[in-house]
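Enquirer: Would you be able to build a 3D model of this:
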Amino acid sequence: MLIPLSPEILLRAYASGIFPMAETADDPELFWVDPKRRGIIPLDAFHVPRRLRRIVRQNVFTIRCDTAFEAVMQGCAEASDKRPNTWINDEILELYTGLFARGAAHSVECWHEGELVGGLYGVSLGAAFFGESMFSRVTDASKVALVHLVARLRYGRYRLLDTQFVTPHLAQFGAIEISRARYHRLLAEALRYRGVFARDLPGAAGGAAGAAGAAGGDPLAGLQASRLTS
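Expert: Model (predicted):
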């Protein structure tokens, strides 16, 4: 008899270094993934390209955290010209919204003129953050969300940012591939600690001033110890 997946089982899977996916959004079946080569972004070596730094400083977007988690997941599940098929099916949506209800998943959202235009979501366990997916409906929205995510992870004393795989999009931020064995060592170390996901950062307000639910703070100030090179 198959045991149905639950948010609790899902967290145990992450603690073991595996995660679920579906072949397509229309496929009801899930399978477990344990890559031989794992993608991570070293938090002390996060790279913000010069052009993106300018975009972040211009406060083009209002940044909010954890105010539209399910909408972010649905945005990540949308088909596009660049991504005609996604792996986020209905069960994935239900499981991760269950994690969010337990405080074990978070979203970073980019809003513009009252509309959700991009963002990302992931799972938080110990001092590890497992980035799941991101989307943009407006140029640079997901990139800005990633900058804000990393600033929060550094501020909250996280030790591991798991990206699952390395894509050219992530490589520009310093994502690297490591062996499965090394990943499991880093994961075990991160699980010994507890990161705190900060909705707000210290510093000037981020995004449109006074916007309801906006997550304040200057992400670049929190990343000054990182390699902010062009």
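Enquirer: Mind naming the longest helix for this protein?
Expert: The longest helix of the chain (DSSP state H) is helix 141-155.
Enquirer: tell me, what residue is most central in this protein?
Expert: For the chain, residue 131 is the residue whose C-alpha lies nearest the centre (Cα atoms, centre = their mean; 3.7 Å).
Enquirer: Three-state assignment for that one, please.
Expert: strand (DSSP: H, G, I helix; E, B strand; the rest coil).
Enquirer: Disregarding flanking residues, what is the spatial nearest neighbour of it?
Expert: residue 122 (4.3 Å; Cβ to Cβ, 6 or more residues apart in numbering). Heads up, the C-betas are built off the backbone N, CA and C, glycines and all.
Enquirer: Show me the beta-bridge partners of the one you found.
Expert: Judged by DSSP bridges, the bridge partners of residue 122 are residue 106, residue 131.
Enquirer: show me what contacts it?
Expert: 105, 106, 129, 130, 131, 132, 149 (Cβ atoms under 8 Å, 6 or more residues apart in numbering).
Enquirer: if you set the cut-off to 10 Å instead, what comes out?
Expert: 96, 99, 105-108, 128-134, 149, 153, 161-164, 197 (Cβ atoms under 10 Å, 6 or more residues apart in numbering).
Enquirer: Show me what the longest helix of the chain is packed against.
Expert: Here helix 141-155 touches helix 50-57, strand 62-65, helix 69-77, strand 105-112, strand 115-125, strand 128-136, strand 160-164, helix 168-171, going by 3 or more Cβ pairs under 10 Å, 6 or more residues apart in numbering; DSSP states H and E.
Enquirer: any weak-confidence spans in this structure?
Expert: 1-3, 81, 83-84, 203-216, 222, 224-230 (pLDDT under 70).
Enquirer: Residue 137 is in contact with residue 72, isn't it?
Expert: No: between residue 137 and residue 72 there is no contact under Cβ atoms under 10 Å: 11.4 Å.
Enquirer: Please report how far residue 65 lies from residue 192.
Expert: 25 Å (Cβ to Cβ, to the nearest Å).
Enquirer: Please apply the same query to residue 137.
Expert: Taking Cβ to Cβ, one finds residue 137 at 39 Å from residue 192.
Enquirer: go on, residue 102?
Expert: Distance from residue 102 to residue 192, by Cβ to Cβ: 21 Å.
Enquirer: What of residue 173?
Expert: Distance from residue 173 to residue 192, by Cβ to Cβ: 26 Å.
Enquirer: ok, now residue 147?
Expert: Counting by Cβ to Cβ, the gap from residue 147 to residue 192 is 27 Å.
Enquirer: the more surrounded of these two?
Expert: Comparing residue 147 with residue 192 by other Cβ atoms under 10 Å, the one with more neighbours is residue 147, at 23 against 9.
Enquirer: Grab the nearest non-local neighbour of the more buried one.
Expert: Nearest one to residue 147, counting by Cβ to Cβ, 6+ apart, is residue 219 at 5.1 Å.
Enquirer: Return the residues in contact with that neighbour.
Expert: 48, 53, 56-57, 63, 108, 144, 146-152, 154-155, 201, 203, 206.
Enquirer: Please check those residues and keep the buried ones.
Expert: Buried subset of those (neighbour count, 16 or more other Cβ atoms under 10 Å): 48, 53, 56, 63, 108, 144, 146-152, 154-155, 201, 206.
Enquirer: what do residue 137 and residue 72 both touch?
Expert: Going by Cβ under 10 Å, 6+ apart, residues that sit against residue 137 and also against residue 72 are 110, 116, 118, 119.
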